[in-house]
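Visitor: need coordinates for the below:
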Amino acid sequence: MNRQEAETLLKRTFNIDRFYDKQWETIEKILEGERVLLIEKTGFGKSLCFQFPAILFKGTTVIFSPLIALMRDQVKNLNSLGIAAKCINSEQTLEENSQIISEAKDGKLKILYIAPLVIARTLGGDLK
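Guide: Purely as a prediction, here's the structure:
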């Protein structure tokens with residue numbers, strides 16, 4: 001996928017006209033299967049660098065984030081765009097988190113955010 005094709009999909013899916021050059025460089029590497037470590041300032045648009053590839057890849061993309069409020073905002077925004085996303089965290093019950101894991105296993109989620117400290121309690125070793 002070239003940048004022009006990607007930006008057409010970006011506009012249609014996220015209602016954003018274009019990538020910043022560094023975002024596109026990052027996304028292009030991800031799409032080519034390269035590992036990427038991206039460290040950028042707040043407001044750069046780092047989330048788009050994994051959300052955009054996630055809509056193209058098969059399966060569920062899992063994002064680990066310690067920021068529950070940010071996860072909630074991201075999930076709300078993605079759902080408003082028609083992208084199936086949820087999060088598991090310590091503010092939800094074990095049953096809620098387990099149900100979300102089941103949805104991810106069943107292929108019902110495109111993006112799943114997980115707070116790292118809650119993973120062991122919620123999953124109990126059952127992320128297979």
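
Visitor: pLDDT below threshold where in the protein?
Guide: 117-128 (pLDDT under 70).

Visitor: the domain parsing of it - what is it?
Guide: Here the domain parsing of the chain from automatic domain parsing is 1-57, 58-128.

Visitor: so which of these is the most packed in?
Guide: Most buried of those, by mean neighbour count (mean count of other C-beta atoms under 10 Å): domain 58-128, with a mean of 15. (Glycine included, C-beta is placed from N, CA and C.)

Visitor: now it: how far from the chain's centre is it?
Guide: Put simply, domain 58-128 sits 9 Å off its chain's centre (C-alpha atoms, centre = their mean, to the nearest Å).

Visitor: how much space between residue 101 and residue 33?
Guide: Counting by C-beta to C-beta, to the nearest Å, the gap from residue 101 to residue 33 is 26 Å.

Visitor: that should have said residue 26, apologies.
Guide: 13 Å.

Visitor: with residue 78 instead?
Guide: Going from residue 78 to residue 33 by C-beta to C-beta gives 23 Å.

Visitor: cool, residue 73 as well?
Guide: 29 Å.

Visitor: go on, residue 94?
Guide: With C-beta to C-beta as the criterion, residue 94 and residue 33 are 36 Å apart.

Visitor: equivalent analysis for residue 86, please.
Guide: Distance of residue 86 to residue 33, computed by C-beta to C-beta: 26 Å.

Visitor: what segments of the chain are helices?
Guide: Secondary structure of the chain (DSSP state H): helices at 3-14, 21-31, 46-56, 68-80, 94-105, 119-123.

Visitor: could those helices go into a markdown table alongside distance to residue 40?
Guide: Listed next are the helices of the chain as a markdown table, based on distance: least, C-beta to C-beta, whole Å:
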| stretch | distance to residue 40 |
| --- | --- |
| helix 3-14 | 18 |
| helix 21-31 | 7 |
| helix 46-56 | 6 |
| helix 68-80 | 15 |
| helix 94-105 | 27 |
| helix 119-123 | 25 |
